[in-house]
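Asks: I would like the atomic coordinates for the input below:
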Amino acid sequence: MPLDSFEARLTFIELLRRLNASIQSATKCAHFALKYQDMCEDLYSCIIEELEKTSLNARINILFFLETLCDNCMRAGFTDYVDMVNRDLWEILDKVVPPAQGALANVALARQALENFKQKGLINEDRISDTERLLLEREKLVSKDEFQVRRELPSFSKEEILRRMEEDRERHKRMRENIWVIPPGDALQLEFASAWETTSDLDDDDFDLIREERAIFRRSTK
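Replies: Numbering: from 1, shown residues only. Below is the predicted model of the structure:
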């Protein structure tokens, strides 16, 4: 029996609060959001509300869930969630890495999540520079010893620290697995782009190598 909007919100909020670093929990939550895609704006508002009031650990889980949600949406041909995430990406990252004590722990993972979005073609190019600049500024801000936080977030308990360590291990495992994921697009073009980005500029060492190779070739043809 299908759920009404109120029941769907309650169920979705509960799924969001049970998110952890596993792909299974993120996928289950994403499937629910897609199943009730006719309520997408209502369900999406639940995500933003949870980001506002939940713990820093939970916020990073929600961010990685959004990657899974957008990925599933693209495969299903339903882009409403993707469009809303693109629209609110700055606001989302502002909540995941707030100008508050303890937020530095989320910077590296938020940057990795943003990189995942980029590699999978889930965010618009014009949104990338703004969000990267936000993370860089926030990293500098929250790492200063003299920084006076605008709003205090609860300190991590021992249980939360242990859970975060376990979830970070799970995330790093997933990141290693995602190294082999090829983003959408022409394979040859992607390979060329990767080579272009990773090849260093031509310098004196390269010219020395060219001269050595030419000398070897001349000796071999005599």
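Asks: Let me know whether residue 134 touches residue 93 as I believe.
Replies: Yes - Residue 134 sits in contact with residue 93 when judged by Cβ atoms under 8 Å, with a separation of 5.7 Å. Quick note: C-beta positions are derived from backbone N, CA and C, even for glycine.
Asks: neighbour count winner among the two?
Replies: residue 93 (25 against 18; other Cβ atoms under 10 Å).
Asks: Which element, helix or strand, includes that one?
Replies: Element membership of residue 93 [criterion: DSSP states H and E] is helix 89-96.
Asks: so residue 214, which of the three states?
Replies: Of the three states, residue 214 takes helix under DSSP: H, G, I helix; E, B strand; the rest coil.
Asks: And stretch 12-22, end to end?
Replies: 17 Å (Cα to Cα, to the nearest Å).
Asks: Buried residues in it, which are they?
Replies: Across stretch 12-22, burial judged by 16 or more other Cβ atoms under 10 Å covers 12, 15-16, 19-21.
Asks: swap in stretch 65-84?
Replies: Of all the residues in stretch 65-84, those buried under the rule 16+ other Cβ under 10 Å are 65-74, 81-82, 84.
Asks: ok so, going back, relative to helix 89-96, how tilted is the helix or strand just after the helix holding residue 93?
Replies: Using DSSP H and E, the helix or strand that directly follows helix 89-96 along the chain is helix 104-119. If you take axes from the mean of the first three to the mean of the last three Cα atoms, to 10 degrees, helix 104-119 sits at 150 degrees to helix 89-96.
Asks: by contact count, what packs against helix 104-119?
Replies: The contact analysis (3 or more Cβ pairs under 8 Å, 6 or more residues apart in numbering; DSSP states H and E) places helix 104-119 against helix 56-76, helix 89-96, helix 125-142, helix 158-178.
Asks: And the contacts of the third one?
Replies: Just to be clear, that refers to helix 125-142. Helix 125-142 is contacted from outside by 86, 89-90, 93-94, 97-101, 103-104, 107, 110-111, 114, 118, 123, 147, using Cβ atoms under 8 Å, 6 or more residues apart in numbering.
Asks: can you state the direction angle for it and helix 104-119?
Replies: 170 degrees.
Asks: List the buried residues in helix 125-142.
Replies: Under the neighbour-count criterion of 16+ other Cβ under 10 Å, helix 125-142 has 127, 131, 134-135, 138-139, 142 buried.
Asks: I'd like the residues you listed written out as TSV, with distance to residue 55 added.
Replies: Below are the buried residues of helix 125-142 laid out as TSV (distance: Cβ to Cβ, whole Å):
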residue	distance to residue 55
127	26
131	22
134	21
135	19
138	18
139	20
142	16
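Asks: From those residues, pick the one nearest residue 60.
Replies: If you rank these by distance to residue 60 using Cβ to Cβ, residue 135 comes first, at 12.8 Å.
Asks: Pull up the gap between that closest one and residue 90, please.
Replies: Residue 135 sits 10 Å away from residue 90, going by Cβ to Cβ, to the nearest Å.
Asks: and what of residue 60?
Replies: 17 Å.
Asks: More neighbours: which of the two?
Replies: Neighbour totals were compared for residue 60 and residue 90, and residue 60 leads with 25 against 13 (other Cβ under 10 Å).
Asks: ok, back up a step: from the contact counts, what lies against the helix holding residue 93?
Replies: Checking 3+ Cβ pairs under 8 Å, 6+ apart, helix 89-96 ends up next to helix 40-53, helix 56-76, helix 104-119, helix 125-142.
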